[in-house]
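S.K.: Output the structure for:
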Amino acid sequence: MKTTSFVALAIAGIMATGAAQARELRLAPAAPPAHPAHYMYEHFAENLKEISGGAITGTIMGPEVVSLPQMKDALQTGLAEVGNTLPLYFPADMEVTGIAGDLALAGRNPHAMAMAMTEFGMTCEPCQAEFKKLGMVFLGAGSSNVYNLITTKPVRTAEDLKGLRLRTGGAPYSRWAENFGATPVNMGVGDQFEAISQGTIDGTMASKVDLLSYRLIDIAKYVTLIPIGTYHVTSNFTVGLSTWQGMSPEEREQVGMAAARANFDLTDRWAFQLPAKADEALAGSSIEVIEPDPAFLEASEAFAREDVASRTEMSGEQAVYFGELVEKWTAIAEDVGDDPDALAARIKEELWSKIDFATYGL
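M.R.: Prediction:
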């Protein structure tokens, strides 16, 4: 009996020691629960716990603790250990990584853009150097759906764009608007509701999801289904370098594999699930959904091709590389389809299986 009791106590002690060594990471999606980024982080935490057998878990912090503009500092100080970073928020620090953002008008397939950005960030040496200099490790990207026009005035033809003031999501969108005689207005996405309702702007170049997430459905009158581009320069799971250095290669791989699957949860939510909900809401509203005039569509697509080509020539080698990745992953996405599990399996085979977690990011 004494021997049995001693063995039981010893086992309990070992289990307690193992539990004490379980690692809980501070996770910062920098978004409220309704946002696709928070949804993605919930799945990441679940994946991480499952893959690590409970040895690594995560606690999600709200945007009131760490916001998107604060992410760089939060990861550098250790306030957040894994965070949702948008490189375009830090253009001076992430110039090469941001090249992919200047090619936004290439975006037509959200999953393809997300996978191209993931491979770009993981294999582009200057991009890796930018992350390392900032004390960060890149573990993949996601993408929005293709942006359309949400306006208070009807836009059926290119001529209808002339004179409109449109909120822009970045330089490529500004160039698109200016090409058709509209005036781009730079403002935060959270300010567009007030600006449209007050008549300061006539609409926005944005995801249909903004109809719900920013309540534009209450003030918009028209949605024109002209494909403009995607927002894909994301670093969904950016690990603080000190946190990464403190992990074993096995732990890094577990975090990487959790990210590899959860990256697709952002794109699936942002580009497929929520747009479907927006379409349902549109069907029950008085907003007119406009199919663009064929000549307008052709002119828009022609400008997108010209813009991508000119920006690629201007930005050089890394822009060419990103364009090649877009072609590669577009073909793969068209072959595989939109199923997140199937896509995750494919990118693990094509990309993640070749990563050496003993050296990656260090």
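
S.K.: What about Glu306, how many residues nearby?
M.R.: Glu306: 13 surrounding residues under other CB atoms under 10 Å. Every residue, glycine included, has its C-beta placed from N, CA and C.

S.K.: cool, Lys72 as well?
M.R.: 20.

S.K.: from now on call the first residue 90
M.R.: Okay, residue one is now 90; in that scheme the one you just asked about reads as Lys161.

S.K.: for it, what are its contacts?
M.R.: Thr174, Tyr178, Phe179, Asp182, Leu223, Met225 (CB atoms under 8 Å, 6 or more residues apart in numbering).

S.K.: wait, the second one sits on Asp162?
M.R.: It refers to Tyr178. No. Using CB atoms under 8 Å, Tyr178 is not in contact with Asp162; the gap is 11.6 Å.

S.K.: mind checking how far the residue nearest the centre of the chain is from Gly151?
M.R.: Residue closest to the average C-alpha location in the chain (CA atoms, centre = their mean): Gly231, at 3.6 Å. Distance, Gly231 to Gly151, using CB to CB, to the nearest Å: 20 Å.

S.K.: can you check Asp280 too?
M.R.: Distance from Asp280 to Gly151, by CB to CB: 21 Å.

S.K.: And Phe227, by the same measure?
M.R.: Phe227 is 23 Å from Gly151, by CB to CB.

S.K.: the more surrounded of those two?
M.R.: More neighbours surround Phe227 than the other of Phe227 and Gly151, with 28 against 14 (other CB under 10 Å).

S.K.: which SSE is the closest residue to that one other than its chain neighbours in?
M.R.: For Phe227, ignoring the flanking residues on the chain, the nearest one in space by CB to CB, 6 or more residues apart in numbering is Gly210 at 4.4 Å. Gly210 belongs to helix 199-212 when assigned by DSSP states H and E.

S.K.: which residues in the stretch 90-239 of the chain form helices?
M.R.: For the stretch 90-239 of the chain, helices defined by DSSP state H, counting those that start in this stretch occupy the ranges 91-110, 125-140, 160-166, 199-212, 214-222.

S.K.: Quick one: distance of the fourth one to the chain centre.
M.R.: Averaged C-alpha coordinates place helix 199-212 at 10 Å from its chain's average position (CA atoms, centre = their mean, to the nearest Å).
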